[in-house]
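Colleague: Need coordinates for the following:
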Amino acid sequence: MKLFRKIRRNLIDLGKFKSYAVYALGEIVLIVIAVSIAWKINDLSDIQKNNTLVDEIYINLNEELTTNLRMLKRSVEENTETIIYLESTLNYVGTNTNEFTQGAKDTILNVAVKEVNLQDSSVKSILSTAKMELIESSKLKDLIATYLAKIEQFNNQDKKNKNIVEIR
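Modeller: Here you go, the predicted model:
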């Protein structure tokens, strides 16, 4: 800083206004370049933060969807067993309860429907914040937007199924 001040004073003292003006213009250009570089570095930092956030969104969505898929597969397996029990139970419709064997009673009582609670926290987080704007794919945005409604439809159908089986 002292060096720049000394150069300016010398130029003004020697009466070289034109040289001083060129020097001042050069200093302004250097400042503009430095500010532009800092601005670009800040933009790159923001882009990197957004990319990290998008990666985190994708990881969370993948984990949530994988968990839901496992739960649904398990539910299909359990529902298949429940259907077998219900079909066996239908064989006893109209039969006097005194005629039931212990095995028949166990079959009838073994009908149980387990509730499936699908996860939706990542999707809700994306929809309730500005994270949706970070996702570039419009198709993925549409799928995320409709996924929550699909989960709600599934939960309603699951409750109806459970009510049908549990009415005894």
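
Colleague: counting contacts, what elements does the biggest helix by length in the chain pack onto?
Modeller: Looking across the chain with DSSP state H, the single longest helix is helix 17-90. Secondary-structure packing of helix 17-90 (3 or more Cβ pairs under 8 Å, 6 or more residues apart in numbering; DSSP states H and E): helix 2-13, helix 102-109, helix 121-128, helix 138-166. Glycine gets a C-beta too; all of them are placed from N, C-alpha and C.

Colleague: tell me which residues of stretch 59-77 are tucked away?
Modeller: By neighbour count on 16 or more other Cβ atoms under 10 Å, the buried set for stretch 59-77 is Asn60, Leu61, Glu64, Asn68, Ser75.

Colleague: chain center to that stretch: distance?
Modeller: The chain centre lies 14 Å from the centre of stretch 59-77; the measure is Cα atoms, centre = their mean, to the nearest Å.

Colleague: got a list of contacts for that stretch?
Modeller: The contact list for stretch 59-77 (Cβ atoms under 8 Å, 6 or more residues apart in numbering) reads Lys114, Val116, Asn117, Leu118, Gln119, Asp120, Ser121, Ser122, Val123, Ser125, Ile126, Ile144.

Colleague: how about these in JSON lines, adding distance to Lys160?
Modeller: Shown next, in JSON lines, are these (distance: Cβ to Cβ, whole Å):
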{"residue": "Lys114", "distance to Lys160": "15"}
{"residue": "Val116", "distance to Lys160": "13"}
{"residue": "Asn117", "distance to Lys160": "16"}
{"residue": "Leu118", "distance to Lys160": "16"}
{"residue": "Gln119", "distance to Lys160": "21"}
{"residue": "Asp120", "distance to Lys160": "19"}
{"residue": "Ser121", "distance to Lys160": "24"}
{"residue": "Ser122", "distance to Lys160": "26"}
{"residue": "Val123", "distance to Lys160": "23"}
{"residue": "Ser125", "distance to Lys160": "28"}
{"residue": "Ile126", "distance to Lys160": "28"}
{"residue": "Ile144", "distance to Lys160": "26"}
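
Colleague: Sweet, I'm off.
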